[in-house]
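Student: Pasting a predicted model and its sequence here:
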Amino acid sequence: MKRFALIALVALAACKEEQAAAPPPPVDLTEAALSYFCQMNVAEHGGPKGQIHLEGHPAPLFFAQVRDMLAYLASPERDAEITAIYVSDMGAAASWQTPGISNWVLADGAVFVVGANVAGGMGAPEVVPFADPEAAQSFVTRYGGAVLPLSDIPDTEVLGPVDLDLALETPA
């Protein structure tokens, strides 16, 4: 009987460990979502968005630009463990101005167009996420840049100064 109880305890612990490993689900973008850095309404700005879930926090941090979200990730000043990172799948977006409220994809499973000639929601050059690498490549054909996984995006793309005199496009 003791052996059975020990096996059940180990199985229960393994089950709890699996539950803890699953990321929290993404949160739909609402009119109430404010961008972490500027506290502006995220939904009022075009282009892709990001959300970061932190351990012990009931709501995610939202970002009006993926570039801003990546800058947050590169910052050493976080005070909680990250449990999930989601980005807008721009391949599923209705348009640049309407990036969607629920078309989130885990950032580590997405590909990103870096160095494209496009401005994000806050006017800075944007890093554009896609769930489908072929959709990302089509975007590159039109706007330039390179397709990279999250782990290969250089910090210089998101932490360097922004030249506001660039003639960046706003995709259709």
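Tutor: Okay, I see it. Residues are numbered from 1 along each chain as shown.

Student: Spell out the residue ranges of the strands in the protein.
Tutor: Ranges of strands in the chain, per DSSP state E, are 50-54, 61-63, 82-88, 104-106, 111-114, 128-130, 146-149.

Student: Quick one, grab the pLDDT at residue 21.
Tutor: pLDDT recorded at residue 21 is 73.

Student: Against residue 109, how distant is it?
Tutor: Distance check for residue 21 against residue 109: by Cβ to Cβ, to the nearest Å, it reads 15 Å. Glycine gets a C-beta too; all of them are placed from N, C-alpha and C.

Student: Equivalent analysis for residue 159, please.
Tutor: 24 Å.

Student: Please work out which of the strands of the chain is packed deepest.
Tutor: strand 128-130 (a mean of 28; mean count of other Cβ atoms under 10 Å).

Student: name the helices or strands packed onto it?
Tutor: Contact here means 3 or more Cβ pairs under 8 Å, 6 or more residues apart in numbering; DSSP states H and E; on that basis strand 128-130 packs against strand 111-114, helix 133-143.
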